[in-house]
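[1] just need the structure, nothing else, for what follows:
(chains A and B)
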Amino acid sequence: MKHKYLKNVVTLKLYTEKCTGCGTCTDVCPHDVFEMVNKKVVIINRDSCIECGACVKNCPFHALEVNPGVGCASAIIRGWLTGSEPSCDCSDNSSGCC
Amino acid sequence: MIPQISTKLSVLDILGAWKVRWGVGRMNYRINPGLYAIGTPDENSNVLVTANYKLTLDMLRKELTGLNLWILVLDTNGINVWCAAGKGTFGTRELINRITKSKLSEIVSHNTIILPQLGAPGVVAHEVTKKTGFQIKYGPVRASDINAYINAGLKANSNMREVKFTTKDRLVLTPMEITSSLKPSIFIFGMMFLINLIAVNKFGIIDFYGYVGALMIGCFLTPVLLPWIPVKPFALKGWILGLLWSVFVVIVNGWPVSGTIELLRGLAYLLILPSVSAYFAMNFTGSSTYTSYSGVLKEMKTAIPILIITISLGTILLLINSFVKL
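    Presented below is the predicted three-dimensional model:
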């Protein structure tokens, strides 16, 4: 069964004019968000994006943008408590993530 | 001399995997970074890159029986590929360093290295190529697809590219959820014990199984039933199952007309137990493979105030019930 999460929250942006159709984003995306149409990439499953940032990092032409972050509640709580950016810091052994 | 590693897991490896799944020694289950050989690789053999979490290497090598290839292990502080990529330790700089340190260009005559696809959030592939000359191919998500990927001439189909989250995937993560819940639980039981020393109405077995049940719903049942609970926020998934549980607990004990639960205590259960389940279920977002930061933040903005209010209110009712004979 395919998992679905909240709709219309994702910060992913595509600048089609910069896309050269190299297809790297379709290789690295773990959730099948992109599809190649006429040598340009299009977003077909926006709500499946988990904002991992793989496509943004690996796009040599800066055609993609996202506010990357971890989808992890305990990391976000830890971020609030410590006043820092939420990071999935498993080294303190305090959470079940990672 | 490049160390060789086996593609067979020993009994110790399997026991080790059980241990870390329960959180025992999990942060110190690592191997030395560097280059390793599987079988008898030569200058034309493929190079796979992975993390130095021993569980990760074990999952990888057991899929490589009969193959001859190189494995370049990055220093990710003993964290798996995906999480390390998110932190940047499975990243561009470490990869460039490790390629240089292991003198990879003197060992193989080609210029291709295969990275696990889930390493991509940490790696800028074109930068690695610029600095080292090595081209990065992103391999499949799962180690079990590597053989097929290599046989297809380093091509992954869309099935190999997609992260799944099967019932089994979720099940193996639940022991860690339960382990992480121990610390707050021991604190709660400690408080109940202290209150019992001076309370008029003492906490008892119903409080114990009520709480443990709510916890198991959040840490175990919700993760297992995840795709079948027909709402999307994790906290709400847990809250619904927790509500069913709390209603069951009070009704079985004869509430509200008579029975073993006082009026206030029953009300407190209905407030607290669903929220306990919701809290632990919400924490499973971090273990899931399909939640985004924006999404989790959105559900937390609703969930956290509700959790704080219901649990505080419920606790006040419990305390009144403990000290006031109505």
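[2] report the buried residues of stretch B:265-278.
    B:265-278 (16 or more other C-beta atoms under 10 Å in any protein chain shown). To be clear about C-beta, it is placed using only N, CA and C from the backbone, and glycine gets the same treatment.
[3] do that stretch and chain A meet at all?
    No - contact of stretch B:265-278 with chain A (C-beta under 8 Å from any C-beta of the partner chain) is absent, the minimum separation being 10.6 Å.
[4] got a list of contacts for that stretch?
    Applying C-beta atoms under 8 Å, 6 or more residues apart in numbering or on different chains, the contact partners of stretch B:265-278 are B:201, B:210-211, B:213-215, B:217-218, B:222, B:235-236, B:238-243, B:245-247, B:249-250, B:253, B:255-256, B:261, B:303, B:306-307, B:310-311, B:313-315, B:317-318, B:321.
[5] near chain A, from those?
    B:A235.
[6] quick revisit: tell me the one of the buried residues of stretch B:265-278 nearest chain A?
    B:A278 (10.6 Å; C-beta to the nearest C-beta).
[7] for the lengthiest helix in chain A, what is the distance to the chain centroid?
    Looking across chain A with DSSP state H, the single longest helix is helix A:73-82. Helix A:73-82 sits 19 Å away from the centroid of its parent chain (C-alpha atoms, centre = their mean, to the nearest Å).
[8] that helix near chain B anywhere?
    Yes - for a cut-off given as C-beta under 8 Å from any C-beta, helix A:73-82 has contacts with chain B, namely A:A73, A:S74, A:A75, A:I76, A:I77.
[9] buried set for that helix?
    A:A73, A:S74, A:A75, A:I76, A:I77, A:R78, A:G79.
[10] and the helices in the chain?
    Answering for chain A, as no chain was given. A:24-28, A:54-58, A:73-82.
[11] let's do chain B instead
    So, for chain B - with DSSP H - the helices run B:11-21, B:54-61, B:81-87, B:92-101, B:104-107, B:125-132, B:146-151, B:158-161, B:167-198, B:205-216, B:222-225, B:234-252, B:263-283, B:293-323.
[12] quick one, which of these is nearest to A:N38?
    Closest to A:N38 of those, according to C-beta to C-beta: helix B:158-161, at 18.8 Å.
[13] buried residues in the closest one?
    So helix B:158-161, judged by 16+ other C-beta under 10 Å, has buried residues B:M160, B:R161.
[14] what about it, distance to the chain center?
    On C-alpha atoms, centre = their mean, the centre of helix B:158-161 falls 22 Å from that of its chain.
[15] got it, and stretch B:143-150?
    Relative to the chain's own centre, stretch B:143-150 is displaced by 24 Å; criterion: C-alpha atoms, centre = their mean.
[16] ok, it near chain A or not?
    No - on the criterion C-beta under 8 Å from any C-beta, stretch B:143-150 is out of touch with chain A, staying 11.9 Å away.
[17] so which bits of that stretch are buried?
    B:A143, B:D145, B:I146, B:Y149, B:I150.
[18] check what pLDDT the spatially closest residue to the last one that is not a sequence neighbour gets.
    Across the structure, with C-beta to C-beta, 6 or more residues apart in numbering or on different chains as the measure, the residue nearest B:I150 apart from its sequence neighbours is B:N46 (6.4 Å). Turning to B:N46, the model gives it a pLDDT of 97.
[19] A:D89 now?
    59.
[20] ok so, going back, need the buried residues of helix A:73-82 in CSV with pLDDT, can you?
    Below are the buried residues of helix A:73-82 laid out as CSV (pLDDT from 0 to 100):
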residue, pLDDT
A:A73, 92
A:S74, 89
A:A75, 88
A:I76, 90
A:I77, 90
A:R78, 86
A:G79, 86
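[21] would TSV of those residues with distance to B:G39 be doable?
    Putting the buried residues of helix A:73-82 into TSV (distance: C-beta to C-beta, whole Å) gives the following:
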residue	distance to B:G39
A:A73	43
A:S74	41
A:A75	39
A:I76	44
A:I77	46
A:R78	43
A:G79	45
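[22] residues contacting B:F208?
    Contacts of B:F208 (C-beta under 8 Å, 6+ apart): B:F189.
[23] packing partners of the helix-or-strand element of chain A with minimal mean pLDDT?
    The least trusted helix or strand in chain A, going by mean pLDDT, DSSP states H and E, turns out to be helix A:73-82, with a mean of 88. Applying 3 or more C-beta pairs under 8 Å, 6 or more residues apart in numbering or on different chains; DSSP states H and E, one finds that helix A:73-82 makes contact with helix B:263-283, helix B:293-323.
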